[in-house]
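Visitor: Let me see the structure of the following:
(chains A, B, C and D)
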There are 2 protein chains.
Amino acid sequence: MKKTQANKTQMVDIARIAGVSVSTVSRALAGSSLVNEETRKRITDLARSLRFSANVGAQNLRRGQSQTIAVVLPKSTSDQQPVSDPFFIALLGELADALTSQGYDMLLTRVDEARIDDIEGLASSGRALGIVVIGQWLHHYALTALAGRGVPIAVWGAALPGSNYFIVGSDNRIGGRLATEHLIACGCRKIMFLGDTRLPEVALRFEGYRDALIANGKMVNPGLTAAIPFEAQAARAALDDLFAHTTDFDALFACSDLMAMTANALLSARGVRVPEDIKVVGYDDLALASQVHPTLTSVRQPLAEAARALVEGVLQAKDGNAPTMTVLNTTLVKRESTHTVQTAKKKTSPSATTKKQR
Amino acid sequence: MKKTQANKTQMVDIARIAGVSVSTVSRALAGSSLVNEETRKRITDLARSLRFSANVGAQNLRRGQSQTIAVVLPKSTSDQQPVSDPFFIALLGELADALTSQGYDMLLTRVDEARIDDIEGLASSGRALGIVVIGQWLHHYALTALAGRGVPIAVWGAALPGSNYFIVGSDNRIGGRLATEHLIACGCRKIMFLGDTRLPEVALRFEGYRDALIANGKMVNPGLTAAIPFEAQAARAALDDLFAHTTDFDALFACSDLMAMTANALLSARGVRVPEDIKVVGYDDLALASQVHPTLTSVRQPLAEAARALVEGVLQAKDGNAPTMTVLNTTLVKRESTHTVQTAKKKTSPSATTKKQR
DNA sequence: GTGAAAGCGCTAACAC
DNA sequence: GTGTTAGCGCTTTCAC
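Guide: Below is the predicted model of the structure:
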């Protein structure tokens, strides 16, 4: 008895039954016009009734290419959280759809940030034709090295001029600006910026924040900046600490919705009301943003477009094209957390209780 | 010039440089003890410095098996949401880790529920050795058919006795019971059950709910049941409608944290306080449950274990073993949303405003 | 229009 | 210990 792949039907079986050669089966199934219409129908019908699917590995081997794209979700070594931010998940979902609709398989891998270099194997082993890297990154160097070695990668992140790999991101600077302008328009005068500016994307959002302040004749107040991390637990601790020390602000601009929600929860627990006492803007416009109370004003990034651009990027990278940066539009979605309230304001508003600067 | 896989180094290159045959390279890299220690070292060093990874497709083809497991996330046709519930994401993350740590690749696919049968191709094409199906399902029939055809599947869901495929789930009945008992212990007397009992898992949770009521000498009140769907938008609409018609309850037991949070938000918007006026228990114990205000009491399902069991399940299914059902422990995590408050209760408590039954 | 034959990159008998 | 050889299931020349 021949050693064969766990009794799966294969082309040779179909060929035998149909009384043709394997090549004809292959051609028929590939929709080649070289094959007689009648035999083609016979073969395709047979294949369908046998629930035949061609062995993809063999196809790839023969064709010298794969139809799979790897998606890499970095996880920080410290943070053992399964998946950090819902935002990445949303992007992941869009990626899955974008890939599927274009006929690619999606290989999902979570890699320890410390071993980011390992992802090269995904491409060099032929498992995937290219790699999409999602996530916050302080990894510019590693990614540059990978791309330099010819690994096809496209990265979700901030547009860093002169990088040698494909980057897709939203316009963080405009995003920061829109959020801040809205808060200013709501009458806020002490807008606290929440986010770690060491991250390129956050740095750009901060620039937008500054742009908006300056355009309105204000200055950036260093006391109104807090380097809150993205990771949930750490963010909560940092915010709690922050609010324990100061409440001398009348608005928060948080660099993620998760952060904004956590801030809301902590403020709420302290008896501070949103939006009456403090207005809050988040970033990402998660589905959840419209489910919580108060519903959250947020900066939306066009995820479906992002996914398409990332796929396009890897494919281009694979073909050896020069890297590009795709910057997508951001928009502000206004909701309850920045509503301007008509009713008499409590004089106990925290923004009135302490003096500027701590 | 030979047609070769986009200039990737392969075994033959290493063999040439090392002055040995391809088989020796293969053996050395596989860690075979048959090969001389010295040559092995030479070869492995060479491979490392060349950043060589063996072509996985060729390996699989030759070995007649794949090291990939497909994970399927059904999406309802109506609901165009990228990914429905954060719970599934959390499970997905755990699955990714479980698979990685056991040396398997994860192929992620989202399929339209209507075309659930298509997933057979993932296995029959050799892309994956088996399939993990995640998600709410009214698909028992389709899954049974798949398993009947020999497709190795393991499913996250409710334990349905006599099924022909591997099932992993948590103890929904105990979960429902724990939640309800806790609410009873908190002094609640009109506990509303939120969830669509057409779903097997929800039906079991409802049984647990009933168990707890009966054990405490109470009866199930049909007016205290609402078939809220899991999907966020629909859930919000259904809850909004529910609360518009009745507030004759003093506790909510929601079948997902997402549902509980939405309920919280809607109640909050109506001026109802949690936990002072109404106590709320969710299900899933999302990371978010401890980030919102009030923090949410919830039933936890052990996701890491679940992931391991699912992987184990597919592997067993692939080997043709008889299907098993794995029922994991559920535990109750108590948080603010069910705190018993000492301070004087407002008499405007909604639970006191209307009469039993609507 | 169809078949025969070669070979994708690798592994595993089987020789030596 | 190492090399030689024969495929894994498929696609694609090249014949006819």
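
Visitor: What's the separation between residue A:94 and residue A:311?
Guide: 10 Å (C-beta to C-beta, to the nearest Å). C-beta: built from backbone N, CA, C; applies to glycine.

Visitor: hang on, I meant residue A:159
Guide: According to C-beta to C-beta, residue A:159 stands 18 Å off from residue A:311.

Visitor: related to what we said a few turns ago, more neighbours: residue A:94 and residue A:311, which one.
Guide: residue A:311 (24 against 21; other C-beta atoms under 10 Å in any protein chain shown).

Visitor: Spit out the contact partners of the more buried one.
Guide: A:69, A:95, A:98-99, A:102, A:104, A:132, A:154 (C-beta atoms under 8 Å, 6 or more residues apart in numbering or on different chains).

Visitor: want to throw the residues you listed into CSV with distance to DNA strand C?
Guide: Converted to CSV, the contacts of residue A:311 look like this (distance: C-beta to the nearest atom of the strand, whole Å):
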residue, distance to DNA strand C
A:69, 19
A:95, 28
A:98, 28
A:99, 24
A:102, 24
A:104, 20
A:132, 24
A:154, 24
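
Visitor: What is the nearest of those residues to residue B:291?
Guide: Closest to residue B:291 out of those is residue A:95 (25.3 Å), distances taken as C-beta to C-beta.

Visitor: Just the pLDDT for the closest one.
Guide: Predicted confidence (pLDDT) for residue A:95: 95.

Visitor: next one: phi and psi at the closest residue to it other than its chain neighbours?
Guide: Excluding the flanking residues, the one nearest residue A:95 by C-beta to C-beta, 6 or more residues apart in numbering or on different chains is residue A:307, at 4.5 Å. The phi/psi pair for residue A:307 (degrees, to the nearest 10) reads phi -60, psi -50.

Visitor: contacting residues for residue A:307?
Guide: By C-beta under 8 Å, 6+ apart, the contact set of residue A:307 is A:91, A:94-95, A:97-98.

Visitor: separation between it and residue A:146?
Guide: With distances taken as C-beta to C-beta, residue A:307 is found 21 Å from residue A:146.

Visitor: Flag every residue of the stretch 51-200 of chain A that's near DNA strand C.
Guide: A:58, A:61-62, A:64 (C-beta under 7 Å from any atom of the strand).

Visitor: any chance of those in CSV, plus distance to residue B:173, secondary structure and pLDDT?
Guide: Converted to CSV, these look like this (distance: C-beta to C-beta, whole Å; DSSP: H, G, I helix; E, B strand; the rest coil; pLDDT from 0 to 100):
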residue, distance to residue B:173, secondary structure, pLDDT
A:58, 47, helix, 96
A:61, 49, helix, 95
A:62, 52, helix, 95
A:64, 54, coil, 90
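
Visitor: all helices for the stretch 101-250 of chain A, in order.
Guide: Here the stretch 101-250 of chain A has its helices, by DSSP state H, counting those that start in this stretch, at A:120-124, A:140-148, A:172-185, A:200-215, A:232-245.

Visitor: In TSV: those helices, plus mean neighbour count, mean pLDDT and distance to residue A:326.
Guide: Formatted as TSV, the helices of the stretch 101-250 of chain A follow (neighbours: other C-beta atoms under 10 Å in any protein chain shown; pLDDT from 0 to 100; distance: least, C-beta to C-beta, whole Å):
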stretch	mean neighbour count	mean pLDDT	distance to residue A:326
helix A:120-124	22	95	21
helix A:140-148	17	92	16
helix A:172-185	23	98	13
helix A:200-215	20	96	14
helix A:232-245	16	94	28
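
Visitor: from the stretch 51-200 of chain A, which residue is nearest to DNA strand C?
Guide: Nearest residue of the stretch 51-200 of chain A to DNA strand C, counting by C-beta to the nearest atom of the strand: residue A:62, 3.4 Å away.

Visitor: Show me the contacts of residue A:311 that map onto strands.
Guide: A:69, A:132, A:154 (DSSP state E).

Visitor: Closest to residue B:86 out of those?
Guide: residue A:132 (21.6 Å).

Visitor: helices or strands up against the helix or strand containing residue A:38?
Guide: Assessed by DSSP states H and E, residue A:38 sits inside helix A:37-49. With contacts taken as 3 or more C-beta pairs under 8 Å, 6 or more residues apart in numbering or on different chains; DSSP states H and E, helix A:37-49 sits against helix A:11-18, helix A:22-30.

Visitor: Which positions in it come out as buried?
Guide: Buried residues in helix A:37-49, counted by 16 or more other C-beta atoms under 10 Å in any protein chain shown: A:39-40, A:42-44, A:46-47.

Visitor: Show residues contacting stretch A:42-62.
Guide: Outside of stretch A:42-62, the residues within contact range by C-beta under 8 Å, 6+ apart are A:5, A:8-11, A:13-14, A:17-18, A:20, A:24-25, A:28-29, A:35, A:66-67, A:126, B:55, B:57-58, B:60-61, B:66, B:120-121, B:124-127, B:149.

Visitor: which of those residues are buried?
Guide: Applying 16+ other C-beta under 10 Å to the contacts of stretch A:42-62 flags A:5, A:8-11, A:13-14, A:18, A:20, A:24-25, A:28-29, A:35, A:66-67, A:126, B:55, B:57-58, B:60-61, B:66, B:120-121, B:124-127 as buried.
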